[in-house]
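Colleague: Following is a predicted model, sequence given first.
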Amino acid sequence: MKKSVVHKKLVRLAACVLAAALMWSGAAISAWAAGGHFTDVPATHWAYPYVERAYADGAVSGTGGDPAAGTGVFSPNSHMTYGQLLTMLTSAFYPEELAKMSKEGPWYAPAIRLTVERELYYLDESWLMEHAGSAINRYNASYIIVKILEDRGFHMPDKQAREAAAQKIGDWEQVGEDAAAWPYYVSTVVAAGVMSGVDSSGTFNGGGRITRASAAVIYASMSQRIPRFSVTKGDGWSLIPDPAYWKEIEETFYTVYPRLWARWGGGVIQKHISVNAQEILKINSEREALMWTRSIRFDDVGHVWERDIEVSAKYKDGPVSPGFAHELGHVLQSYKKLDSSWWTESMASYARYRYYYYADEGALAKEPASYIQADDPGLRDWRFETSYYSFWFYAYMDSKYPTTPQGYGLMDSIHFAMRAGEITSDDPNDPNLNAVVKRVTGFDTIEQLRQQYVKELDGGTWTFNGFAGYRDNYITENLPNVPNPTYPKVEGFNLCTGANTYSTSGESAPQYAASNLVDGDRSTRWEAARSDVTDPDSLWGGAQHKVLFSLDKAMTFNTYTLYHAGVQGENTRDWRISYYDEEKEQWIQFDEVHGNTQDVTTRTVKQLTARSFKLEILDPGADGTVRLNELELYNMNPESTP
């Protein structure tokens, strides 16, 4: 194994010995206790939040007592040994690799073997094993920290940042005298914000020891800087020079994947992300769109590796985020024995629906037509097939039978039973599947549950208005370095976003095109004077102007809003609006207004489902020119307004 070349003083400085009473556990801690876990680190202790964070993440445990019962002992002033620090940091930032290390030897042996394998220290395994009980000083800790930061993808401070940090270190000249290698590592950890001086003068005190309390602070600082998950470029990215495309992948990954993992990856019902695996997700081009396939690797005992995602791309076409979010849902499934005809794809689509689209208003606005089936018959007719019409049924399961700290809900019970191989078929008649349904819901079969869902949907006793208020939201909220979901709602969402204007009677200029009326931007407008009419014969019944537009698909609505120019004499006075009945093949008027003086006009109409619409202007206003900024469609609750 290649070793770094360092000054001989590194060995001498690493040889100080101080016994410490600490044993580390690699087991994940599933939840924070109601109060503090350690009697010697009360809430008033300066290191309390850091120790609690490290304990909750499973990075540390106490030296005595029962932390889970709040009677643990942490010994915050005891010194850290090489074995202890390496075990803490490798279990925190290399949990999957650490799990694969040989367990032969003392408790710290796996961490030391991993340290050597990853070249996180400059001395070999025999030296580390011999000195595992020796107290580590701040110089050597800085070396290990920098190596881990580099290895785990942290954006390292540049030379200018290191030089600025050096000016704040009170004993900087001593740092260079102690060893030629130390200035780089010390200035790097200080510039990175992981370590700082020990006094008001910024003295680094490289020969000083690391206490257990200080180690908790170091862990917390590193955990804020090192992503728990990573996405890297694989094969084919040289063919995609557009940096914005990769940036979109990264933004989607680091926002969506931690949420998915928190719920479906770790197999815990408490809010704790316990990463123990890695999976490779590959994207290949096989036709005129992105094709997403995945290659799952298992170790010799069947653990799936899910922490690091490698994306290879040989073709780019269209927006990446929705499809990528769907595939990230597949990564978390890892069903080794499932004969699936609907669950696998439907759940991955639901993962995208809930944790991408309905977690962020901006994401939802990108593709509303396909994700706002406000009253689509398919939501009732869907029967266990691969189709996006299952979204609401999955939402119904989460709404009615949620996961709580006391136990798994229906969807998660099915998911983890499939991962464990206890359910091997998603056939609605499968006895193992229905046994889980029976246990959680009381219904004998999943088909009975689906019928109940349809009954409640039709009866108005259950509806989908977004995921705000769902009891299982706690699992995916307040995750480290992940923005909390904003929970957009169905009601109040403009169904016209992305509509297509396919006919108009005229427009004053290109910048006042009729398409501005449904472009989702209230700052643009459709403007047309009487002299701008291009085909007078197309107007009838007193209409002065008209515009026809269509949605991506038929949508259910009961409200529309017109945004006028908002200047005296420029508000449209009279209009009528119709929808096209495709079965009858005719236009049917559903509202007509006369004498409007409002700048913004909101009208509630009988609930209708349609795709194509016609707005006819009967009286444009005082000067005879139509000036309309936006037309919006909504499906609102009766007491709501957009």
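Modeller: Right, received. Where do you want to start? Numbers count the residues shown, from 1 in each chain.
Colleague: Okay, and the residue most central in space within the chain sits in which element?
Modeller: Per Cα atoms, centre = their mean, the C-alpha nearest to the average position across the chain is that of V256, at 2.0 Å. Assigning secondary structure by DSSP states H and E places V256 in helix 243-260.
Colleague: thinking again about what came up before, could you tell me the per-residue confidence at the residue nearest to the centre of the chain?
Modeller: Looking at V256, its pLDDT is 90.
Colleague: thinking it is in contact with Y357, fair?
Modeller: No: look at V256 against Y357 with Cβ atoms under 8 Å: they stay out of range, at 10.2 Å. C-beta here means a position set from N, CA and C on the backbone, and glycine is covered the same way.
Colleague: Wait, a helix at E173?
Modeller: Yes: assigned with DSSP: H, G, I helix; E, B strand; the rest coil, E173 falls within a helix.
Colleague: separation between it and A166?
Modeller: Distance of E173 to A166, given as Cβ to Cβ, to the nearest Å: 10 Å.
Colleague: Check whether T561 sits in a helix, strand or coil.
Modeller: strand.
Colleague: Check the burial of it by counting its neighbours.
Modeller: Counted with other Cβ atoms under 10 Å, the neighbours of T561 add up to 17.
Colleague: Helix or strand: which one has K546?
Modeller: strand 545-564.
Colleague: mean confidence for that strand?
Modeller: For strand 545-564, mean pLDDT rounds to 89.
Colleague: Does anything pack onto the helix or strand immediately after that strand in the chain? Which helices or strands?
Modeller: Next along the chain after strand 545-564, taking DSSP H and E as the criterion, comes strand 574-581. Packing contacts for strand 574-581, counted by 3 or more Cβ pairs under 8 Å, 6 or more residues apart in numbering; DSSP states H and E, involve strand 586-593, strand 600-619.
Colleague: how close does the closest residue to E592 other than its chain neighbours get to F38?
Modeller: Nearest non-adjacent residue to E592, counting by Cβ to Cβ, 6 or more residues apart in numbering: R576, 4.0 Å away. Separation of R576 from F38 (Cβ to Cβ) stands at 72 Å.
Colleague: Repeat that for H131.
Modeller: From H131 to F38 the distance is 28 Å (Cβ to Cβ).
Colleague: of these two, who's got more company?
Modeller: More crowded of H131 and F38, by other Cβ under 10 Å: F38, with 26 against 19.
Colleague: surely the more buried one meets A69?
Modeller: No: F38 lies out of contact with A69 (Cβ under 8 Å); the separation is 11.1 Å.
Colleague: so what's D199 up against?
Modeller: G170 (Cβ atoms under 8 Å, 6 or more residues apart in numbering).
Colleague: Name the SS class of it, please.
Modeller: Assigned state for D199: coil (three-state reduction, three-state DSSP).
Colleague: Make sure L338 is actually in contact with T424.
Modeller: Yes: between L338 and T424 a contact is recorded at 6.1 Å, counting by Cβ under 8 Å.
Colleague: I'd like to know how far the residue of the chain most remote from its centre sits from T501.
Modeller: Distance from the C-alpha centroid of the chain, by Cα atoms, centre = their mean, peaks at D537 (53.6 Å). Applying Cβ to Cβ, the value for D537 to T501 is 20 Å.
Colleague: Same check on D591?
Modeller: 19 Å.
Colleague: and what of S508?
Modeller: 15 Å.
Colleague: what does T602 give?
Modeller: The spacing between T602 and T501, counted by Cβ to Cβ, is 21 Å.
Colleague: do the same with N205
Modeller: Separation of N205 from T501 (Cβ to Cβ): 70 Å.
Colleague: D552 too?
Modeller: Per Cβ to Cβ, D552 is found 13 Å from T501.
Colleague: and if you look at R611?
Modeller: Applying Cβ to Cβ, one obtains 14 Å for the distance of R611 from T501.
Colleague: count of residues packed around the residue nearest to T559 when sequence neighbours are not counted?
Modeller: The shortest distance from T559 to any non-neighbouring residue, by Cβ to Cβ, 6+ apart, is to Y634 (4.2 Å). Neighbours of Y634 under the rule other Cβ under 10 Å: 23.
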